[in-house]
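>>> Structure, please.
(3 chains)
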Amino acid sequence: MATKPLSKDPYNIVITGVGGQGNVMASRVLANILVRNGYYVTIGETFGASQRGGSVMSHIRVSRQCAWSPQIPRGRADIAVSLEPIEAIRVLKKYGNPKINALSNTRPIYPVGVIAGQLTYPSLQEIKESVKELCLSSWFIDATDEAMKLGNPILGNIIMIGALSRIGELPMGRNDFKEVISKSMQEDKLDINLEAFDIGTSIVGQ
Amino acid sequence: MDERDKIKGQNELQVTVLNTNLCTGCGACIDLCPYFKSYKGRTAILFPCTLKQGRCFAYCPKVEVDLDELSQKFFGRLYDGNPLGSYQTIMISRAGKKIARSDFQAGGTVSAIVYFAIKRGYIDGAVLTDRDGLLPVPRFITKPEDVFTCASSKYTAAPTLSALNQGIKDGFKRIGIIATPCQALATALMRSNPLEEVNFVDPTGLVIGLFCTWALDFRSFEEFISTRVDIKKITKIDIPPPPTDTMEIYMGNGEKMKIPLDEIRQLIPEGCSYCIDMTAEFSDISVGVLEGHPDMNTLLIRTERGRKIVDEARKDGYLIVSDIPKENLEHLKWAAANKKRRGLAKAKQEKIVNTLKGDKASYLRLNTETLEKITQMTGRSS
Amino acid sequence: MTNLANIHEDAESLLMGNEAIARGALEAGVNVATSYPGTPASEIIENLAHVARERNLYVEWSANEKVALEVAAAASFSQLRSLCAMKQVGVNVAADFLLHLGLSGTRGGMVLVTCDDPGALSSSNEGPSRHFARMFEIPLLEPGDFQEAKDITKWAFELSEEIKTVVMVRSVTRVSHASGNVRLGKLPEDERHAEFKYDGLGLNADEGPAESVPVGEKHRLQQDKLILATKLFEESPFNTYQGPEKPELLIITASAGNLYTREAISVLRVEDRVGLLKLGTTWPLPPLLLKRYLSTTDKIMFVEEVLPFLEENVKILAAENAREIGVKTFYGKNERTMPKTGELNPDIVISALCKILKTDYIAMDPEYEKKFQMPFSAEVPDRARTFCPGCPHRASFWSIHNALQMDNRKGFVCGDIGCYSMGRFSSGFNTTKTLHAMGSGAGLASGFGKLAQFGMDQPVLAVCGDSTFFHAVMPALVNAVHHKSNITLVVLDNSGTAMTGFQPHPGLSVNAMGDEVPEVDISKVCDAIGAKVEIRDPFDLGETQKTLNRMLEDKQGVKVLILQQACALSPEKKHTKKYEMSVDEELCIGEDCGCNRLCTRIFQCPGLVWDNDKKKARIDEALCVGCGVCSLICPAGAIKRKEVA
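Numbers count the residues shown, from 1 in each chain, chains lettered A, B, ... in the order given. Sure thing, here's the model as predicted:
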């Protein structure tokens, strides 16, 4: 395999969010980009029941050597990409370490226990501070707000992929993204997804 | 401890009243909020409410009823245990010329007064009990003539006060209520602003109490009757005054069935046996039958605003009154005293009278002198 | 959805385990594929249905797994190649037929794919399916990664056709729903012709009648087939070994255990001490191969999901050959080295290995871990599952729960399998009080409804979905009607098999391949069985509750209430909004007496949130789908709904 070496092998990514946010699609797109670039990729996911408002996680293993287990061992994630802010901390609790990076959306989705008034949801400021404390570097972007400007909140997941590409830890670029989605999406959806990707790359710099 | 601390919330109400079978289904807690509903005479809790204090507990006539406090507020004196409660005058009455004969049961006093009160604007609406087949249903009326649709006597407990709660929500300001003793008591509790709400204004214009010895639990009654009769054929139910000891069920084709009251008494909800009030003592006026005279009523006037309306109704030809015969008065006092003594004895037995503050909630609180007096009560004229 | 027929051979693709299995079936020239939806198996048939037209396949979502297996067997008897897929519990449903199929044998290659759910991530149990292979004496194969998911499935058809019996291929969630690199093979071009030959002699495997009798002879023949399979397994490329010639510890594993174990060995850096024997052929066990590896060491560890199937089979083989291979020390579930319940992961294997090899490993730096306990670390609230915004089940359970409370006789609801299984949680108002298997709600209710003679006076209800109705409820309903059981069955008809991804079922007018088909009308079926049937819209809370209270009071026989309203995720509902919702803050009573936050505390729709600063309820625009039901429950009329033009 003619591939660029990774900063760490296997490189472990967790994409997390709430069921229905497009977590699965985001991980597929990312994984396909990496397979295209010649890597072994394993994605581990749970869907079906967890979609009904529960937390969802995709574990993505990227390697030049071989296929790895669909679950990342404890404390071994390299980057946590979070479509929902509190899920970032949930992931860090299990898979975090002092060298991990985090990229997170800022829009909360309140768990049923919080809506019902039994549990409390911390403020965004508290979440940001905790994440900063637990990571080497962290980025927060208003992916849902930008997505709603584009007309559909679910595009938040593509905006996150765009931001991830900009962060530079992984060999993935706009062209890779374009190639992958042109194979998997209907033609009339390509433009808006590219726009979402571009918005992601621009707002993460800020 | 602050007086208000005695008022608790839904959880305690469930534990002290519903779970112990004290509830008589008066309706005071129904439709104040989404959690209490009444269905076929039974009070149901839909979901738990987490509030520590609520109007449901405050208005319930079967928990933390301070008789001295209420008596002081409405009658200016402590509760003295008089068998008929506090009153200005007692007389007999019936509907006057201005009300058609065909429209009412017995003396027609209640219908006449309510009709008059709405017509003259003393009240802007009235809470009554209507009927849907055998099932009594609360009703709020704003037109005087509507009172006649609710004129017949009901013998099963109805959550009538839910219509009061709805009427208050709808913005009515001078509501008339036809209430059984427990309903009148709950209304009095409500009117005393127990939760000390700022800017509280009494939304009632007239409380008419009805005499009541007991009521029947609707579900038990329906089940009992349906084994003897096709419910759909029943047109009227009546319990004639003593000495007849039967319930009479009228079917459309002139048929009449008689059931001994002994069989009916087993259908009385347990909560009724704790009641010490036969004549609806916490009302403006109280109305009941007059023994031996099926076309007359006994009428007690208790408050100024009650007296005023009765006087005007009489002057205007809606009501005819005269003096009550001595034997009727004595007998009424005897019956009322017995109920008072029996009810209090049962409550004392269950240890729910004057419990210490901080212990389990009390049903009744009253001064020890009156408590002793009632315990000794025989009802014979002194 | 990926078009699995469109990727050309030799390409390297990222495929989900289920996609790989489907592709393997296509490369084997499968003709007929059947299934009943069940996580984690559903995608297999979904992918085959997607290419049914261009590959000339017949793909069917059958009424239940037993029928699905029978339909697939018919294809096999007619010399076609067929695949039947199901989750672990589906095999329980199909078991009676599977037992007899083992005896009768098959003709065209036939593969039964079972997808287990260790840890019950999407099930009400974590029951086994592998034991059926041993019990019913058929071969069992288990892919250990995504490439094998494809290759083993393809080979399973060849094996089946060679020895003339159904072959079980067993997967688990972490293979079926995980994805990895898969190199594809060729898609065949040959066509098969369907013909069922039955004129031959009884024992003629190809041309006799397809029967499990005469049992004696057929059973012996069946066991001979297994001996043939065992011989083939000795040389199978799906049994692999990685590690030193004489390892300190030999780990025997299969399926996803392979991936966890490889990871664990790598993390602990014990490649030179530990040998990894991955079996792809797990029943019957190839004895020569196993004896060879068991002889290399005296410490043997097993890594497999839930029950010790592989472990016990190897232990029996080791005991039978003890004289030859020597006495072993085993590390498995029976010795409590590995857990007997729940799902495995690399950390569990790492931990067990550390104990056996007496080596240390720290997963998370203790200083880092401390940071989660520090006061500044934000507390993470649990995220419970709930019904989606706009779900008709929330409205249905609201009415059912309230009708029961008003009825006030301690009535209860027997639950069943589907999204509405969540009726047991607060999101379903804790309404259901029993939960077992498909159709068990109605079955239990049929029993509860006969106990009046023993003093039971509690009203009895059961709920079921429209798909569950056809799967398993119908016999229970017949039973209840015929035996005059006093019950109310509420059919929660949301027009699809929603829990598993919205697949069609016999009540719908479209099938797996998108063709128009006649729908079986649930109300007519219930009526024909003899129940009293009524249909309501669950979004009409008032009417629904009134109807329920009336049914609860009817003590005669079986009442069926069909609550019809499409699932919020259905194609017809998704991306549509019937109402524009808003909260009038002036009217909202909030936490005070008279409301106590009924909408957010009790109703709990994710689209309706509590604004803790304003102390008022608020609509979450991103989540609300505009079903309008919340406006019906607000005691102050503060929640407004306006029809969208």
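>>> switch to C-alpha atoms for all contacts and neighbour counts from now on
OK.
>>> out of everything not next to it in sequence, what's closest to the closest residue to chain C within chain A?
Nearest to chain C, among the residues of chain A, is A:Ala116, at 3.7 Å (CA to the nearest CA). Closest residue to A:Ala116 apart from its sequence neighbours, by CA to CA, 6 or more residues apart in numbering or on different chains: C:Arg601 at 3.7 Å.
>>> just checking, that neighbour touches A:Ile115?
Yes. Using CA atoms under 8 Å, C:Arg601 makes contact with A:Ile115 at a distance of 6.7 Å.
>>> Check the secondary structure at residue 158 for me.
With no chain named, the answer covers chain A. Using DSSP: H, G, I helix; E, B strand; the rest coil, the secondary structure recorded for A:Ile158 is helix.
>>> Oops, wrong one, chain C.
Assigned with three-state DSSP, C:Glu158 falls in the helix class.
>>> picking that back up, please say which of C:Arg601 and A:Ile115 ends up with more neighbours.
Between C:Arg601 and A:Ile115, counting by other CA atoms under 10 Å in any protein chain shown, A:Ile115 is the more crowded of the two (28 against 23).
>>> The more buried one reaches C:Ile602, doesn't it?
No. Counting by CA under 8 Å, A:Ile115 sits too far from C:Ile602 to count as a contact (9.4 Å).
>>> Could I get the phi/psi values of the nearest residue to B:Cys150 once chain neighbours are set aside?
Closest residue in space to B:Cys150, ignoring its immediate chain neighbours: B:Asp130 at 4.7 Å, by CA to CA, 6+ apart. For B:Asp130, the backbone dihedrals (degrees, to the nearest 10) come out as phi -100, psi -170.
>>> now swap in B:Arg131 and tell me
Dihedral angles (degrees, to the nearest 10) for B:Arg131: phi -130, psi 140.
>>> so who does it touch?
Counting by CA atoms under 8 Å, 6 or more residues apart in numbering or on different chains, B:Arg131 touches B:Val137, B:Cys150.
>>> repeat for the one 3 residues further on
Applying CA under 8 Å, 6+ apart to B:Leu134 gives the contacts B:Glu222, B:Ile231, B:Ile234.
>>> switch to 10 Å and redo it
B:40, B:154-156, B:218, B:221-222, B:225, B:231-232, B:234-237 (CA atoms under 10 Å, 6 or more residues apart in numbering or on different chains).
>>> now do B:Pro194
By CA under 10 Å, 6+ apart, the residues touching B:Pro194 are B:Glu3, B:Arg4, B:Ile7, B:Arg55, B:Phe57, B:Ala58, B:Tyr59.
>>> re earlier: for the residue of chain A closest to chain C, give me the pLDDT.
Predicted confidence (pLDDT) for A:Ala116: 76.
>>> what do you get for the one 4 residues further on?
Looking at A:Thr120, its pLDDT is 88.
>>> what's the burial count for it?
A:Thr120: 17 surrounding residues under other CA under 10 Å.
>>> Show the contacting residues for it.
A:Tyr110, A:Pro111, A:Gly113, A:Val114, C:Glu379, C:Val380, C:Pro381, C:Asp382, C:Asn612.
>>> Could you do C:Phe233 as well?
Taking CA under 10 Å, 6+ apart as the definition, contacts of C:Phe233 comprise C:139, C:141, C:227, C:239, C:279-289.
>>> If any of those residues are buried, give me the ChimeraX selection for them.
Burial among those is assessed by 16 or more other CA atoms under 10 Å in any protein chain shown; the matching ChimeraX selection reads:
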select /C:139,141,239,279,280,281,282,283,284,285,286,287
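>>> between the contacts of C:Phe233, which is closest to B:Phe140?
Set against B:Phe140, the nearest of these by CA to CA is C:Leu141 (74.4 Å).
>>> how close does the residue of chain A closest to chain C sit to C:Val520?
Distance, A:Ala116 to C:Val520, by CA to CA, to the nearest Å: 40 Å.
>>> Pull up the residues of chain C that are close to chain B.
Applying CA under 10 Å from any CA of the partner chain, we find that chain C lies next to chain B at C:398, C:401-408, C:429, C:549, C:591-598, C:601-602, C:633-636.
>>> Mind checking which of those residues are in helices?
Residues from these lying in helices, with DSSP state H as the criterion: C:Trp398, C:His401, C:Asn402, C:Ala403, C:Leu404, C:Gln405, C:Met406, C:Asp407, C:Asn549, C:Ile633.
>>> The first one contacts C:Leu541, correct?
Put plainly, it is C:Trp398. Yes. Counting by CA atoms under 10 Å, C:Leu541 is a contact partner of C:Trp398 at 7.9 Å.
>>> what is in contact with the two at once?
Contacts common to C:Trp398 and C:Leu541, judged by CA under 10 Å, 6+ apart, are C:Ile633.
>>> Just the buried ones from the contacts of B:Pro194?
Counted by 16+ other CA under 10 Å, these give B:Ile7, B:Arg55, B:Phe57, B:Ala58, B:Tyr59 as buried.
>>> of those, closest to chain C?
Chain C has its nearest neighbour among the buried ones among the contacts of B:Pro194 in B:Arg55, at 7.0 Å by CA to the nearest CA.
>>> what pLDDT does the residue nearest to A:Ala116 get?
93.
>>> need the contact list for it.
Residues A:112-118, B:49-50, C:426-427, C:591, C:609-610 are the ones in contact with C:Arg601 under the rule CA under 10 Å, 6+ apart.
>>> can I get the residues you listed in TSV with distance to B:Asn193?
What follows is the contacts of C:Arg601, written out as TSV (distance: CA to CA, whole Å):
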residue	distance to B:Asn193
A:Val112	37
A:Gly113	35
A:Val114	34
A:Ile115	33
A:Ala116	31
A:Gly117	29
A:Gln118	31
B:Cys49	21
B:Thr50	22
C:Ser426	35
C:Ser427	37
C:Glu591	20
C:Val609	33
C:Trp610	30
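>>> tell me which element residue 126 falls in.
Just so you know, I chose chain A. helix A:124-134 (DSSP states H and E).
>>> quick one: contacts of that helix?
Residues outside helix A:124-134 that contact it (CA under 10 Å, 6+ apart) are A:85-89, A:92-93, A:96-104, A:106-108, A:121, A:137-140, C:368-369, C:371-372, C:374-380.
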